[in-house]
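1. predicted structure and sequence below. I'll ask about it afterward.
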Amino acid sequence: MIVAERKPFQEIKDMLKDAKKVLTVGCGTCVAVCLAGGSKEVGVLNAELKIARKLEGKPIELGAATVERQCDREFLAELDGVIDRYDAVVSMACGVGIQFLAERYPQIPVFPGVNTTFMGANQDVGWYEERCRGCGTCFLGITGGICPVTMCAKGLQNGPCGGTNNGSCEINQDQPCAWQAIYERLAKQGRLASIMAICPPTDWRNQIPRTIVQPGYAKRKQLLAK
Amino acid sequence: MTESNLKKILDAGHFAFTGELGPPRGANVAAIMEKAKFLVGNVDSVNITDNQTAMVRMSSWGASLIAMQAGLEPNYQMVCRDRNRLAMQADILGAWAHGIRNMLCLSGDHQQFGDHPQSKGVFDIDSMQLIGMVRKMRDEGKFLSGGDIDDSPKMFIGAAANPFAEPFDWRVHRLAKKIQAGADFVQTQCIFNMDKMRRWVQQANDMGLTEKVYILAGVTPMKSLGMARYMKLKVPGMDVPDDIIDRIKGVDKKKQADEGIRIACEQIQEFKEMKGVAGVHLMAIEWEHRVPEIAERAKVLPRPKV
């Protein structure tokens, strides 16, 4: 899932300093699961804003709505006719949802309520770890299912570097060395040959905005464009 | 076209002796000249570090040119942390055009260690791929993209190896990969654990690797007990056995530096006789003024002329 963390309250409050009627929009998918931007977090943020603005003598009118997915037009449509009553929106979705919301309602300022952080896994409640950078050239098949682009601090494709420290990364004792883990897993599987060959320079495919049209949908896209 | 002195020394079968010079944290030419004067005539080539420990310093190629004016042959270090493949290839062309003949291809310390921890690390390619790129430029006359180079650089290509970092059994295979990528010579991490070094060289001999690459053993004299302890505990990938610490600790504080040099000279003596080792790379960190004494005591002078 996409993992986010809520922005510091002061930063959100500063973004809204000129707004009098604000709608806070949560997202019911990834950011709800990682406890950053679901309906509960929308309620908490609104409560904080209400108290802070009241103390400043600048009361604020707040609305709350949480849609299933802000990255999907079908769900965003629920806000049509509601959003016009506000002079600003805080989106607590990931960066994708925030942009999709802002794109649908270009006349209203949309502010981010979270910092979108990474694509990660759920280790435990409230504990998430990054696992993918979306490089667009997955080579997990070579590296024993451990991504060095994400898990190696230098993103090495022919590691490990000389800084491995008893199985830890040189940047942090608590961060396991990705290449040590790759080596150990492949050794156990009898597949070390897979990293004996030199991995050639990556064809970085995440340097421009990307679009994917799945096979069989190209015609549909052409029709929609018309 | 002048040829690399280091290459000529090694090809002739002489025991190579290389040094290191860290560029200044500023545009201080005199500082480079001051360090250089202790190295001229005492080493075959000098590594010019590239933003070492991720601290901003004068560029490696810039300092290399000044080192050349001082009468040194630079071994131009390049790390993958600070530039992408376009900038790297451009700098390699410029370095060659200015007479730089050796390169050491490195990943680079992570930027988090340095004075700009907020910076974006590039790591467009890794050290293995950098070696391959320099070789392609030299042997095929092509850029990484496949485009033709108008007068290609013919660098003598160096790589680094750390025989002490885990996993130990993989290290010799990584050396093999660097040779396959195109490394002509290898300089190792500072060696303190001689036992482990012997085993690594033995593995390299057994795999026939030392017939394909020149291995220069990395030697760093300990200046003090404090330095020895720091290297042991704080520097990633460094393996300092207790017997080294005990030897430094065992002498009077004023004699610790002397003991450090004594240990270094004993190591160099062993490397001269070790099958598979073609030379020593002396990393006298911020201790350039002691290099003449170390070279003298290690009996590597005078340096051969080839």
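-> All right, it came through fine.

2. what segments of the chain are helices?
-> I went with chain A, as the question did not name one. Ranges of helices in chain A, per DSSP state H, are A:9-15, A:30-33, A:39-55, A:73-76, A:95-104, A:148-151, A:178-189, A:193-196, A:218-225.

3. that's the other chain; I wanted chain B
-> For chain B, the helices defined by DSSP H cover B:5-11, B:29-37, B:60-69, B:85-97, B:127-135, B:168-181, B:194-206, B:225-234, B:242-249, B:256-273, B:291-297.

4. which single residue in the stretch 101-250 of chain B comes nearest to chain A?
-> Nearest to chain A, among the residues of the stretch 101-250 of chain B, is B:Asn162, at 3.1 Å (C-beta to the nearest C-beta). Heads up, the C-betas are built off the backbone N, CA and C, glycines and all.

5. any idea how many residues pack against that residue?
-> B:Asn162 is flanked by 24 other residues according to other C-beta atoms under 10 Å in any protein chain shown.

6. ok, back up a step: just put the helices of chain B in TSV and tack on mean pLDDT and mean neighbour count.
-> TSV is the format used below for those (pLDDT from 0 to 100; neighbours: other C-beta atoms under 10 Å in any protein chain shown):
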stretch	mean pLDDT	mean neighbour count
helix B:5-11	98	21
helix B:29-37	97	17
helix B:60-69	98	22
helix B:85-97	98	17
helix B:127-135	98	25
helix B:168-181	97	20
helix B:194-206	98	18
helix B:225-234	94	15
helix B:242-249	96	15
helix B:256-273	98	18
helix B:291-297	97	19
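
7. distance to A:Arg133 for those - can I get that in CSV?
-> What follows is the helices of chain B, written out as CSV (distance: least, C-beta to C-beta, whole Å):
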stretch, distance to A:Arg133
helix B:5-11, 39
helix B:29-37, 39
helix B:60-69, 29
helix B:85-97, 19
helix B:127-135, 18
helix B:168-181, 23
helix B:194-206, 33
helix B:225-234, 30
helix B:242-249, 41
helix B:256-273, 42
helix B:291-297, 44
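
8. figure out which of these is closest to A:Asn172.
-> helix B:225-234 (13.9 Å; C-beta to C-beta).

9. next, the angle from that closest one to helix B:256-273.
-> Counting by axes from the mean of the first three to the mean of the last three C-alpha atoms, to 10 degrees, helix B:225-234 points 60 degrees away from the direction of helix B:256-273.

10. please save the CA atoms from stretch B:190-197 in PDB.
-> Taking C-alpha atoms only, stretch B:190-197 is exported to PDB below (Å, rounded to 0.1, in the frame of the first residue of the first chain):
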ATOM      1  CA  CYS B 190      42.900  -0.700   4.800                       C
ATOM      2  CA  ILE B 191      44.300  -4.000   6.000                       C
ATOM      3  CA  PHE B 192      44.800  -4.800   9.600                       C
ATOM      4  CA  ASN B 193      43.500  -8.300   9.800                       C
ATOM      5  CA  MET B 194      46.400 -10.000   8.000                       C
ATOM      6  CA  ASP B 195      45.000 -13.500   8.500                       C
ATOM      7  CA  LYS B 196      41.800 -12.600   6.600                       C
ATOM      8  CA  MET B 197      43.800 -10.900   3.900                       C
END
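
11. how about the residues of chain B near chain A?
-> Contact residues (C-beta under 8 Å from any C-beta of the partner chain) of chain B with chain A: B:80-81, B:85, B:107-110, B:112-113, B:121, B:123-129, B:132-133, B:144, B:160-162, B:165-167, B:170, B:173-174, B:176-177, B:180-181, B:189, B:236-237.
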